[in-house]
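Chemist: can't give you the sequence, but here's the structure:
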């Protein structure tokens, strides 16, 4: 009789945890930005949910039999063992998937863009729009234990809004903040020449970061030393 109960318990567990796996797979598809082209995201979500249901069926049955061996041979005891084990594994899987996903931070419920202003060297006298042919801006995320950019997203440089400020050209730009993970690095290419800046942006920005930062990197106390290098400032902008 206990074997029949274990089979019923495993089926119930598969149904309940399968529903949980479906919800989790839908979240994972969004977290990992699976493309919806040709229904890829839908197929991925359903496939993961089915895998979760099948896994819950097998693991739930084994857990129920372990419950029997521990003296929990009744329906309630076996169900408690089966659901407890499968729900715990599902929760750990979801936690791991969330921790390793590149999920955009939010402020006030809205995703964020990073506004930047790139200040040109004092010796750069030509208008930045004249150099727009080979120029781009990207925000990268650094690998946790390696000094490499593991992922990056492209943004826009607004050459029509370039202006002169204190005798130096300033070029605005914007790039999406696409993850809470890793240190951020700003990668800018102007007329084929690349510059990289480590951005002191926290994983989860607050209202403080909606204000413009100082010009970075900060110049040492030697007048004129940083006049002929690129510098930048930033702020986050919801929406």
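Modeler: Thanks, I have it. Since the model is a prediction, treat every value here as computed from it, not as a measurement. Numbers count the residues shown, from 1 in each chain.
Chemist: how far away is the residue most central in space within the chain from residue 181?
Modeler: In the chain, the C-alpha nearest the mean C-alpha coordinate belongs to residue 102, at 1.9 Å (CA atoms, centre = their mean). Distance, residue 102 to residue 181, by CB to CB, to the nearest Å: 6 Å. Any C-beta I mention is one placed from the backbone N, CA and C, and that applies to glycine too.
Chemist: can you list residues touching both of the two?
Modeler: Common contacts of residue 102 and residue 181 (CB atoms under 8 Å, 6 or more residues apart in numbering): residue 141.
Chemist: pLDDT wise, what is residue 151 at?
Modeler: For residue 151, the model assigns a pLDDT of 89.
Chemist: Let's verify it: helix, strand, or coil?
Modeler: strand (DSSP: H, G, I helix; E, B strand; the rest coil).
Chemist: Quick check: it touching residue 100?
Modeler: No - assessed by CB atoms under 8 Å, residue 151 is found out of contact with residue 100, at 11.8 Å.
Chemist: Comparing the two, which residue is more hemmed in?
Modeler: Neighbour comparison, residue 151 and residue 100: the larger count goes to residue 151, with 14 against 10 (by other CB atoms under 10 Å).
Chemist: Identify the bridge partners of that one.
Modeler: Residues in a beta bridge with residue 151, per DSSP bridges, are residue 141.
Chemist: quick one, strands of the protein?
Modeler: Assigned by DSSP state E, the chain shows strands spanning 106-107, 110-119, 136-142, 149-154, 156-157, 163-165, 168-176, 184-190, 193-199, 231-238.
Chemist: low pLDDT regions in this protein?
Modeler: Judged by pLDDT under 70, the chain has its weakly predicted residues at 1, 130-133, 219-228.
Chemist: what are the ranges of the helices in it?
Modeler: Taking DSSP state H to define them, one finds helices in the chain at 2-31, 40-69, 75-99.
Chemist: could you dump the ones you listed to a markdown table with distance to residue 135 and mean neighbour count?
Modeler: Shown next, in a markdown table, are the helices of the chain (distance: least, CB to CB, whole Å; neighbours: other CB atoms under 10 Å):
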| stretch | distance to residue 135 | mean neighbour count |
| --- | --- | --- |
| helix 2-31 | 32 | 19 |
| helix 40-69 | 33 | 18 |
| helix 75-99 | 35 | 17 |
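Chemist: Any idea which of those gets closest to residue 109?
Modeler: Evaluated over those, closeness to residue 109 peaks at helix 2-31, with 15.4 Å, by CB to CB.
Chemist: How about the residue nearest to the centre of the chain, nearest residue that isn't a chain neighbour?
Modeler: residue 179 (3.7 Å; CB to CB, 6 or more residues apart in numbering).
Chemist: For burial, what's the neighbour tally of that neighbour?
Modeler: Residue 179 - counted by other CB under 10 Å - has 19 other residues nearby.
Chemist: and the nearest residue to residue 198 once chain neighbours are set aside, how far is that from residue 31?
Modeler: Computed as CB to CB, 6+ apart, the closest residue to residue 198 that is not its neighbour in sequence is residue 185, at 5.6 Å. As judged by CB to CB, residue 185 and residue 31 stand 22 Å apart.
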